[in-house]
Every structure is written in C-alpha cells, then in structure tokens.
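> need a structure here:
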Amino acid sequence: MARKRKLDQAGTVVVLEHRSKILADNPLGDPHVRKLAVWLPREYDVGASGGLGRRFPTFYDLVGFTGSGLGHLNWKPFSENAVERAARLVREGRMGPVIIVFPDCFTALGGNQYVNSSAIGRYADYLLEELVPCVDREFRTLASREHRGCFGKSSGGYGAIIHGMKYAEHWGAVADHSGDAYFDFVYRSDWPNTLNQLALHRHPARKAGVQPAPPDPRLERRLRAGLDDGRVKRFLSAVWRKHKLSLAETHAIMNLCMAATYDPDPRAPLGFRIPFHMDTGELLERRWRRWLEHDPVLLVKRYAANLRKLNGIYIDCGWRDQYQIHFGCRQLSRALQAARIAHRYEEFDDDHSDIDYRMDVSLPFLYRALKP
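Next comes the predicted model:
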C-alpha cells in the first residue's frame, strides 16, 4: 500500500493506494486499485511520537454523480475546497479536529449510489468492509460507530441517508445535502430526454411517413420487459469513446446508472432493465416498483429502528433545486417527523449546483453528534 503525504497549512493530506478485493472483477470492468485520500487535521501530529497520540472522529465524504473523492481536494475559485473549509471551521472554533476520508467510487456509468448492485459493483461493501477497516487500521481514529459519520451531496447525500437507514451499525451520524428522494419527481420527468438520446442509437433508424403497426412482436416483448434492444449498448459505446459529453448525454448516462442501481438483473443483456418503453415512453409499472423500493421517502418506516440509533441526522436542500429534490427532502423530513425520528432539516435560497458552502452547517453538526 503506497502512501503519499502532501503537507498544507490546512493540515495533511495522505493518499493511499488501496487494492480492493470486493471491486475486483466488477461488472463494468472499473479499476479495483483506487486512490484513497485522507485529511489529517494539524492537531493529528501533536504528541504523536512513538505511534501514540490523540484519536479523532472520522467523516466520510460521499461525492455526487460524476465526482470522485480526490475532486474535493482541488483548488476552487472564490471558495474553499473541503479540507480548507474543515480547517477553517476548526480554527474558528465551530467544530473540533476530525479525520476526513475521500473515497473514489467513480464508475464507467458516471458514479453510483453507494449501494450494492450486481450491475455496477458492491460499493456499500467496498466502503464498509474494506475502506473503514483500512482507515481505522492506518490512522488514529476513534474506531467505533459512535465517532464515525458520512456526508454527501446529491448522489452522495442519497448514499449518506441510505447508509444511515441500512447500516446504522457502522455510522453514528449522517448529513444529506440535496440527496435524491421522491423518485416520481426527481427521475421520471427527465426520462423523456433520455429516451430521445437513446433513440439516436436505434437500429433500424426511424423513417418519416406511415409507421409500421403492429410493431415486431419480439421487439415489443423486449421493450415491455425493460430489456435493451441494442440502443442502450450502442449509446454507452458511443459516449465511452467521446472526449466530451453533452449535458443531455450526461443526464442520459445518469439515468442509466440509476437503472443499473435500482433495477439490476443479471439475466438482462446489460445487467439491468429500463423503467420505460423505449419507443412509446410508457411507464413500466413492474420495473418502476423496483425503483421505488430504493426511495428514501418510502423507506423511513422500514428502517425507523436503525434511524433512531443515529446520534444525528442532518438534511438540507435549496428551494430552487433544478432537479426538484426539495420536494423529496420535504417529504423525507415529514416522514421522519411522523416516525418521531429526531433530525434537523434546513432549506436555503439556492439551487442544486455548487453548494459546498453548506458544509459550514453540516460538518459542525456532525462533529457535535460524533465528538468524543
């Protein structure tokens, strides 16, 4: 395991090269050797001679779709990166020193939702069975759930709240910034655009004029089962060859990533199914039910006991979120309230983009919930 140390006034960034057994032979052929960045506060080296010294709570940063943990260490114009922000919050006395971990969970489909999927890989297991033990072994963490939390935005926010629901034995607190919720709003409205992108790769291509009716029965059976007729595979092959994706292509691959997350099927040609008829746009109810089984709004009752074990749940969202996630966050908060699950929910005047400044609220919240 290689180690690289980068010293900075904001603390120390350590970059490990982690070789994953869980991600080896993953369905997408993504790398199983990944860089794992860990930020150590300036206080980490105080009194640490001989391997002894103070131990610290640990935060795991789950980044959004198309992101990677190392991206949160980049220089930002007119702002701070994640470790600069955390260091400032410590200097200002708004939180105590912590260790922050930046996993790389990027995939050929643009990311994942930090869950296990037979079509993408076992990313929940990767985090919990490999990265958490690795960090606890290599660094002076307070190695218990009571002092370990995760936070994220968008897909990372979804990952944080889902991990709080499903894996409370590993986490003591979670923070969800604009995390995907209320799938009927956040996903369904964009699928027509995705279907139009996929139609560009339909074979044979459509021709103007009178359309054949009835359609080919074998093709119709496939489309009604949510199976790829080849256009999804051709779309992915095309975008994987490109140096730059259009916004429409990015949204399309995002929806395909969600299909691979929420409705994986090893029997399907690409390992997952599509929730809409790719020619008519009809919602495939059976397939959509599989998606709704992963909607946080609908999972609160099922995982209420786990959620009550957490020492802190933080949720926020801008009320101008362009993906309409604020409606889902409101419903999620109300579902938590109805189940008498303590949490903090905030809204702010902004949209979905570039809201890292909200960490000024969530990171101190997590620290108070997880501090020794």
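
> those helices in the stretch 101-250 of the chain, which residues are they?
Secondary structure of the stretch 101-250 of the chain, counting by DSSP state H, counting those that start in this stretch: helices at 123-125, 132-138, 155-166, 183-186, 191-199, 217-224, 231-241, 247-262.

> looking at those, which is buried most?
Mean neighbour counts were compared across these using mean count of other C-beta atoms under 10 Å; the top stretch is helix 155-166, at a mean of 27. For the C-beta atoms, the positions are set from N, CA and C on the backbone; glycine is no exception.

> Return the member of the helices of the stretch 101-250 of the chain having the minimum mean pLDDT.
Here the helices of the stretch 101-250 of the chain differ in mean pLDDT, and the lowest is helix 217-224 at a mean of 92.

> For that helix, C-alpha coordinates in CSV please.
Provided in CSV are the C-alpha atoms of helix 217-224 (Å, rounded to 0.1, in the frame of the first residue of the first chain):
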residue,chain,number,x,y,z
PRO,A,217,-43.8,-8.7,-31.6
ARG,A,218,-40.4,-10.0,-30.5
LEU,A,219,-39.1,-6.5,-30.2
GLU,A,220,-42.2,-5.4,-28.4
ARG,A,221,-41.8,-8.1,-25.8
ARG,A,222,-38.3,-6.9,-25.1
LEU,A,223,-39.2,-3.3,-24.8
ARG,A,224,-42.2,-4.1,-22.5
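
> so what's residue 33 bridging to?
Beta-bridge pairing for residue 33 (DSSP bridges): residue 19.

> if we can go back for a sec, let's have the helices of the stretch 101-250 of the chain in CSV, adding distance to residue 309.
Below are the helices of the stretch 101-250 of the chain laid out as CSV (distance: least, C-beta to C-beta, whole Å):
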stretch, distance to residue 309
helix 123-125, 17
helix 132-138, 17
helix 155-166, 9
helix 183-186, 25
helix 191-199, 36
helix 217-224, 42
helix 231-241, 40
helix 247-262, 25
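
> closest one to residue 292 among those helices?
In terms of C-beta to C-beta, the element of these nearest to residue 292 is helix 183-186, at 6.1 Å.

> what does the domain assignment say about this protein?
Following automatic domain parsing, one gets these domains for the chain: 3-181+296-370, 185-292.

> Would you mind finding the most buried of these?
Between these, the one whose residues have the most neighbours on average, counting mean count of other C-beta under 10 Å, is domain 3-181+296-370 (a mean of 19).

> Residue 300 is nearest to which of the helices of the stretch 101-250 of the chain?
Nearest of the helices of the stretch 101-250 of the chain to residue 300, taken as C-beta to C-beta: helix 155-166 at 7.8 Å.

> and the angle for that closest one with helix 247-262?
Between helix 155-166 and helix 247-262, the angle formed by their directions is 10 degrees, by axes from the mean of the first three to the mean of the last three C-alpha atoms, to 10 degrees.

> Might you report the residue contacts of residue 251?
Listed by C-beta atoms under 8 Å, 6 or more residues apart in numbering, the contact partners of residue 251 are 190, 193, 194.

> one step back: mind checking the helices of the stretch 101-250 of the chain for the one nearest to residue 95?
Distances from residue 95 to each of the helices of the stretch 101-250 of the chain were compared by C-beta to C-beta, and the smallest falls on helix 155-166, at 17.5 Å.

> coming back round to it: want to try JSON lines for the contacts of residue 251, with distance to residue 183 as columns?
Written out in JSON lines, the entries for the contacts of residue 251 read as follows (distance: C-beta to C-beta, whole Å):
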{"residue": "190", "distance to residue 183": "11"}
{"residue": "193", "distance to residue 183": "16"}
{"residue": "194", "distance to residue 183": "14"}
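
> Show me where the stretch 251-372 of the chain has its strands.
Residue ranges of the strands in the stretch 251-372 of the chain, as given by DSSP state E, counting those that start in this stretch, are 312-318, 344-348.

> Using PDB, list the CA coordinates for the longest one.
Put plainly, it is strand 312-318. Output in PDB follows, covering the C-alpha atoms of strand 312-318 (Å, rounded to 0.1, in the frame of the first residue of the first chain):
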ATOM      1  CA  GLY A 312     -27.600  12.900  14.400                       C
ATOM      2  CA  ILE A 313     -29.400  13.200  11.000                       C
ATOM      3  CA  TYR A 314     -28.900  16.400   9.000                       C
ATOM      4  CA  ILE A 315     -30.800  17.200   5.800                       C
ATOM      5  CA  ASP A 316     -30.900  20.300   3.700                       C
ATOM      6  CA  CYS A 317     -31.800  21.400   0.200                       C
ATOM      7  CA  GLY A 318     -32.100  24.600  -1.800                       C
END
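
> Please spell out the segments of the stretch 1-150 of the chain that come in under the pLDDT threshold.
Across the stretch 1-150 of the chain, the stretches falling below the confidence threshold (pLDDT under 70) are 1-9, 47-51.

> Could you rerun that using 90?
Residues of the stretch 1-150 of the chain that meet the criterion pLDDT under 90 lie in 1-11, 45-53.

> Please apply the same query to the stretch 201-350 of the chain.
Scanning the stretch 201-350 of the chain with the threshold set as pLDDT under 90 gives 204-207, 211-217.

> Give me the distance between stretch 59-69 and the centre of its chain.
7 Å (C-alpha atoms, centre = their mean, to the nearest Å).

> How about stretch 185-204?
On the basis of C-alpha atoms, centre = their mean, stretch 185-204 sits 22 Å off its chain's mean C-alpha point.
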